[in-house]
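> Predicted model, plus sequence, below.
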Amino acid sequence: MPRAPFLGVCIHGRHDPCCGLAGAPLLHRLHNLLPGTPAFGVSHIGGDRLAANAITLPSGYLLGRLDTATDEELSELALDGLLPLGHIRGRLGSTPAESVAEIWFRQRYGLRRPEDLPHTTITSQHGDHYTIAAEHGGRRHLLDIRRDPHEDGQIHFTCSATEKSSGLRWRITLRR
């Protein structure tokens, strides 16, 4: 049986109130749902706009918007270490583009166990355009990944932002 991961839920509200407003209730929800779960409040881990966010250890996955996760997703994460696929932000040690490729691969094949790690290789890069090879379990894909301006234009980056800012969005095209 897999070992329950350490969950560090960001509750740091001084940098930006988003984590304090969303993280503390998530931590309370986890402890009510699963008393004794190894979930603890931690300081700023980045990504306030994705609050409630957390880090899992030892796998090093960064998760976001966990306040919208179902009780089943939170239970599977806390008890079995299964990643909630719609909430993965990236993994420590990966570049943003590699994380985008890994998340795409995990979602496509339903890879929820951290140890089912797709291998990603950046084969070319031209500015914000990457070609990445991703493979796992005999499956291999070549992806074009591009970071473009957010099509909705201006967005609020955090819950405390008074003005909208230009955002960026990752676009993925399967080459093969």
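Cool, got the structure. Only a predicted model underlies this, so the values are computations on that prediction, with no experimental measurement involved.
> give me the low-pLDDT residue ranges for the protein?
Applying pLDDT under 70 to the chain flags residues 1-4, 150-158, 160, 166.
> secondary structure element for the closest residue to Pro5 other than its chain neighbours?
Excluding the flanking residues, the one nearest Pro5 by Cβ to Cβ, 6 or more residues apart in numbering is Thr56, at 4.3 Å. Just so you know, the C-beta spots here come from the backbone N, C-alpha and C atoms, and that holds for glycine as well. Per DSSP states H and E, Thr56 falls inside strand 54-57.
> ok, residues contacting the very next helix or strand once past that strand?
Downstream of strand 54-57, the next assigned helix or strand under DSSP H and E is strand 61-63. For strand 61-63, contacts defined as Cβ atoms under 8 Å, 6 or more residues apart in numbering pick out 45-47, 53-56, 77, 83-84, 87-92, 114.
> Mind doing that once more with 10 Å?
5, 7-10, 45-47, 50, 52-56, 69, 73, 77, 81, 83-84, 86-92, 94, 99, 102, 114 (Cβ atoms under 10 Å, 6 or more residues apart in numbering).
> Buried ones from the residues you listed, can you make that a PyMOL selection?
A single PyMOL command selects the buried members of the contacts of strand 61-63 (16 or more other Cβ atoms under 10 Å):
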select buried, resi 5+7+8+9+10+45+47+50+52+53+54+55+56+69+73+77+81+83+84+87+88+89+90+91+94+99+102+114
